[in-house]
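S.K.: My questions are about this predicted structure, shown below with the sequence.
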Amino acid sequence: MNKKWIASLAIVAALTLTSACSAQNDKAPDAASSSSAGPSATTSDPSADPSAANPSGQLPKPDLGDVPDIVAIVNGEKITKADFTRIYEGQFQQIALQAQMAGQTLDQAQLRQQTAEGLVNTELLIQQAAKKKIFATAKDQEKALADVAKSNKLDTKGFLEAMAKQGLDETAVRAQLRTQLEVERLIATEVGDFTPDEKDLKAAYDTVKKQAEKDPATAKNIPGFDEIKAELSQQLKLQKEASVVKSYVEKLRKDAKIEMNM
């Protein structure tokens, strides 16, 4: 089972690294991947390779030794160590692997701080959705659950059983999924109907092409504009959403009472 789904349920995948690495959102999409941004909690040497960054070739393990029982309190709502651990461990392997492949050293202290900030941002969005009376219906939740199960090549029953083995019972899965839907709708009301125009798409493609041409290995296999047009459009939409959400969360934080214990 893909643990990244757990992080996405809590919307932390989109928020954890945003505040500390907002510059990533301004970059053009990468031609080879729909998610070109690497882990921000890293330091790198341009001449490094994965074996140099980690001679043993083994990925580090999540370090949760200094995480307090109450990570933060947001307008009276507590974010617990259990909440933090589920998200941190859910994203850790992917980020550690990305860092190793890029010849970078993962800074866990920074990543822990970013995760805590992401959880605070998520909680603020959850509270705002409730304040604006944005609710997901039971029908919406069932459809979303079926879609998530299908994306993991399982039926709903099999998916819930798999999640239970990871420590999330059906009640917790449904609660997180409902929250996900409600926050997504809140974000949609803020972002509005954004569709990149042809000019934006071609500008993004030109940037991707120039980046690819710097490497002889990829210069020969640059896809045509029409081949990756849909991917470019999706990436520009995600960048727009990330930018709007970042600004929106910053406004929410100004009016919030936040106690950080990390």
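M.R.: Thanks, I have it. Note that the coordinates shown come from a computational prediction; the quantities given were computed from them, not determined experimentally.
S.K.: burial of Lys229, as a residue count?
M.R.: 17 (other CB atoms under 10 Å). Every residue, glycine included, has its C-beta placed from N, CA and C.
S.K.: and if you look at Asn75?
M.R.: For Asn75, using other CB under 10 Å, the count is 13.
S.K.: Now for it: which residues touch it?
M.R.: Contact partners of Asn75, counting by CB atoms under 8 Å, 6 or more residues apart in numbering, are Glu123, Leu124, Gln127, Ala256, Lys257, Ile258.
S.K.: Buried subset of the residues you listed, written for PyMOL?
M.R.: The buried residues among those can be selected in PyMOL (16 or more other CB atoms under 10 Å) with this line:
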select buried, resi 123+124+127
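S.K.: Output the contacts of Asn75 in TSV; the columns should cover distance to Pro196.
M.R.: Compiled in TSV, the contacts of Asn75 are given as follows (distance: CB to CB, whole Å):
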residue	distance to Pro196
Glu123	31
Leu124	28
Gln127	31
Ala256	32
Lys257	38
Ile258	34
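S.K.: from the contacts of Asn75, which single one is nearest Leu201?
M.R.: Of all the contacts of Asn75, Leu124 has the smallest distance to Leu201: 32.5 Å, by CB to CB.
S.K.: So which of the contacts of Asn75 are in strands?
M.R.: Filtering the contacts of Asn75 for membership in strands, criterion DSSP state E, returns Ile258.
S.K.: What is the nearest of the contacts of Asn75 to Met101?
M.R.: Nearest to Met101 among the contacts of Asn75, with distances taken as CB to CB, is Glu123, at 31.9 Å.
S.K.: Just the pLDDT for the closest one.
M.R.: On the pLDDT scale, Glu123 is placed at 91.
S.K.: Enumerate every residue touching it.
M.R.: Ala72, Val74, Asn75, Glu77, Ile79.
S.K.: Would you mind listing which of the residues you listed are buried?
M.R.: Ala72, Val74, Ile79.
S.K.: Just to be sure, the last one is in a strand?
M.R.: Yes: according to DSSP: H, G, I helix; E, B strand; the rest coil, the state of Ile79 is that of a strand.
S.K.: which residues touch it?
M.R.: Ile79 makes contact with Ile70, Val71, Ala72, Ile73, Ala116, Leu119, Val120, Glu123 under the criterion CB under 8 Å, 6+ apart.
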